[in-house]
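Chemist: structure, please.
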Amino acid sequence: MLFVATTVNYLDRQVLSLTWDEFIKPEFHWNDDIYGTITSWFSIFYAVCMLFAGKFVDWMGTKKGYLWAIGVWSAGACLHAFCGIFTESWVGLGSAAELAKATGDTAVVVATVSMYAFLVARSVLALGEAGNFPAAIKVTAEYNPKKDRAFSTSIFNAGASVGALISPLTIPPLAKACGWEMAFIIIGALGFIWMGLWVFLYSAPEKSKFVNKAELDYIEQDKNEETARTEVAPVKKISFAKAFSYKQTWAFAVGKFMTDGVWWFFLFWTPSYLSANFGIKTTEGLGMALIFTLYAITTVLSIYGGKLPTVFISRSGQNPYAARMRAMLIFAFFPLCVLLAQPLGEWFTPSLGRNAAWLSVLMISMGCAAHQAWSANIFSTVGDMFPKSAIATITGIGGMAGGLGSMFMQKSAGSLFTYAAGSTLKDGNVVEMTKDLLAEGFTFVREPLTFLGFEGKPAGYFIIFIVCALAYLIGWSIMKTLVPKYKLITDL
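Modeler: Below is the predicted model of the structure:
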């Protein structure tokens, strides 16, 4: 159930990234900066909501808290479909075709109004989606002893990769056949189906008819440690002030801040990257195959990443935190492959044509797989050191930090790509420079950016790729400095 919920979560999140460049952008006259604004707003609003989502789940409990979360985000996903209707009504135009044909000041109004409409829809989506990981991590802690939590987390967290995996095979064809609006509605409705199943299937392990005595004993094998903790001080709900007083909280938050933006960057921008660098659209067979392969590799490798700490614990007897940090250091080196994505694509395009994109996608997939393996383990460090009563709150704080990191990444990327492309005058308007416009003889208003031999948007992507490649090693180093050794929280 957690895996399916996370899959639906990422399907809903992916609809915009797989439709904006080909369908939404021409209808509403967007550029990369507007798209970057929308994705960064989603990130910051998600971040703020994550801070309170954890408290909400701790207060409501996992069953009701999860129901509220997925209900709100499914409604938010469907709400995107009405942004076009709202824009038409506000601007006074009668159809999507008229919006697309708008020029001059009218086109600017269309772009602005539609952007704010999508910001509202993304806000509702973010509000609900913020509850997914705090609730899922809390359920994982309820149903697994500490030694199994990273592996269990890696399984449900693989839903992020599977959602991204299914997306290119379903969303672009849906948008092409039924319109981009129906893609949002159909994918958004999946969450309501999940809610019906959750009501009847989920109960806490001690109350569940599906859990026998032997299984319950296995689940509660860490109970002696929890009992010892409560004998020192009764377990109570943790306040934000108390949570922020622990270095363990800051270590988790820093690890999320440094790395979540990398995953979200690839989630939101890979389709656009393939279009800008190789001219590949998401509705093409090649585009669907590339994105499917990217997340297929990510899914398979990330699940095994969650198993690695268990291997270290079994073989060396390390405590869970030490085993996880050791595994995370290994995973932190794999994103360095992303440094080769842009050069390989550029170098082999003359000989392989658009098929050179396969080399870039392979390098990106190494970084994405490493992130998901890293993510499964960093989430589990919370349960290693905090009591169950505080897990959702601490997870929410880390999620907020991750959302802040993503906001900076998304907005910086959108602004950088718009700037890097350069601009020219067309029909009296300043527009992004493209190879087609350059071939037609248009002159630059602002020349494209150059960086280490790359020009235009490829230069912008290479700069962001460098940031993505180094983020994990920096994040791990700070985490290790803050919490060098395992230390159980006993004063709650």
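Chemist: CA atoms for contacts and neighbours, from now on please.
Modeler: Noted.
Chemist: C-terminal to the lowest-mean-pLDDT helix or strand in the chain, what's the next element?
Modeler: Within the chain, no helix or strand scores below helix 223-232, which has a mean of 53 by mean pLDDT, DSSP states H and E. Toward the C-terminus, helix 223-232 is succeeded by helix 240-243 as the next helix or strand (DSSP states H and E).
Chemist: so what's the residue count around I466?
Modeler: 15 (other Cα atoms under 10 Å).
Chemist: name the residues of the helix or strand in which it is found that are buried.
Modeler: Per DSSP H and E, I466 falls inside helix 457-482. Using 16 or more other Cα atoms under 10 Å as the test for burial, helix 457-482 gives 457-465, 467-473, 475-476, 478-479, 482.
Chemist: make sure A370 is actually in contact with Y304.
Modeler: No. Judged on Cα atoms under 8 Å, A370 makes no contact with Y304 at a distance of 10.4 Å.
Chemist: looking at these two, which has the bigger crowd around it?
Modeler: Legend: neighbour count by other Cα under 10 Å for A370 and Y304, higher for A370 (24 against 15).
Chemist: following element in sequence after the helix or strand hosting the more buried one, please.
Modeler: A370 is part of helix 357-385 when elements are defined by DSSP H and E. Scanning forward in sequence from helix 357-385 by DSSP H and E, the next helix or strand is helix 388-421.
Chemist: so which other helices or strands are in contact with that next one?
Modeler: helix 32-60, helix 132-143, helix 247-278, helix 357-385, helix 457-482 (3 or more Cα pairs under 8 Å, 6 or more residues apart in numbering; DSSP states H and E).
Chemist: quick one on the thing from earlier: show me what the helix holding I466 is packed up against.
Modeler: helix 247-278, helix 320-333, helix 341-352, helix 388-421, strand 450-451.
Chemist: again, 6 Å this time
Modeler: Applying 3 or more Cα pairs under 6 Å, 6 or more residues apart in numbering; DSSP states H and E, we find helix 457-482 packed against helix 247-278, helix 388-421.
Chemist: all helices for the stretch 1-150 of the chain, in order.
Modeler: In the stretch 1-150 of the chain, the helices defined using DSSP state H, counting those that start in this stretch lie at 2-19, 25-28, 32-60, 62-79, 83-91, 96-101, 104-129, 132-143, 146-178.
Chemist: looks to me like Q318 is in a strand.
Modeler: No. Looking at Q318 with DSSP: H, G, I helix; E, B strand; the rest coil, it is coil, so not inside a strand.
Chemist: distance check, the closest residue to it other than its chain neighbours against A327.
Modeler: Spatial nearest neighbour of Q318, chain neighbours left out: F312 (6.7 Å); criterion: Cα to Cα, 6 or more residues apart in numbering. According to Cα to Cα, to the nearest Å, F312 stands 8 Å off from A327.
Chemist: L174 too?
Modeler: 40 Å.
Chemist: same question for D58.
Modeler: 29 Å.
Chemist: any idea how far F56 is from A135?
Modeler: In terms of Cα to Cα, A135 sits 9 Å off from F56.
Chemist: more neighbours, these two?
Modeler: A135 (30 against 24).
Chemist: for the more buried one, give me the pLDDT.
Modeler: You'll see A135 listed with a pLDDT of 88.
Chemist: do A175 as well
Modeler: 92.
Chemist: now do the one 10 residues further on
Modeler: Reading off the per-residue confidence, I185 sits at a pLDDT of 95.
Chemist: how many neighbours does the closest residue to it other than its chain neighbours have?
Modeler: What sits nearest to I185 in space, not counting adjacent residues and going by Cα to Cα, 6+ apart, is C78, at 4.5 Å. Number of residues near C78 (other Cα under 10 Å) recorded here: 21.
Chemist: distance of C78 from I187?
Modeler: C78 is 8 Å from I187, by Cα to Cα.
Chemist: so which bits of stretch 185-204 are buried?
Modeler: 185, 187-192, 194-195, 198, 202-203.
Chemist: show me the shaky parts of the stretch 101-250 of the chain.
Modeler: 224-237 (pLDDT under 70).
Chemist: do that again at 90, thanks
Modeler: Along the stretch 101-250 of the chain, the parts satisfying pLDDT under 90 run over 101-108, 130-169, 172, 199-249.
Chemist: give me the residues contacting stretch 266-277.
Modeler: 17, 280-281 (Cα atoms under 6 Å, 6 or more residues apart in numbering).
Chemist: repeat that with 7 Å
Modeler: 17-18, 21, 280-282, 458 (Cα atoms under 7 Å, 6 or more residues apart in numbering).
Chemist: of those, closest to G65?
Modeler: S17 (27.7 Å; Cα to Cα).
Chemist: where does that closest one land on pLDDT?
Modeler: 87.
Chemist: chain neighbours aside, what residue packs nearest to it?
Modeler: Nearest to S17 is F268, by Cα to Cα, 6+ apart, at 5.1 Å.
Chemist: look up how far T481 lies from the one you found.
Modeler: From F268 over to T481 (counting by Cα to Cα), the distance is 32 Å.
Chemist: for the spatially closest residue to S360 that is not a sequence neighbour, what are its contacts?
Modeler: Nearest-residue entry for S360: A341, 4.1 Å, with adjacent residues in sequence omitted and distances by Cα to Cα, 6+ apart. Listed by Cα under 7 Å, 6+ apart, the contact partners of A341 are 359-360, 363-364.
Chemist: export the residues you listed to JSON lines and tack on pLDDT and distance to F348?
Modeler: Supplementary listing: the contacts of A341 in JSON lines, determined by pLDDT from 0 to 100; distance: Cα to Cα, whole Å:
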{"residue": "L359", "pLDDT": "94", "distance to F348": "9"}
{"residue": "S360", "pLDDT": "94", "distance to F348": "10"}
{"residue": "M363", "pLDDT": "94", "distance to F348": "14"}
{"residue": "I364", "pLDDT": "94", "distance to F348": "16"}
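Chemist: mind putting the residues you listed into CSV with neighbour count and distance to A141?
Modeler: Below are those laid out as CSV (neighbours: other Cα atoms under 10 Å; distance: Cα to Cα, whole Å):
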residue, neighbour count, distance to A141
L359, 18, 39
S360, 24, 37
M363, 22, 34
I364, 29, 31
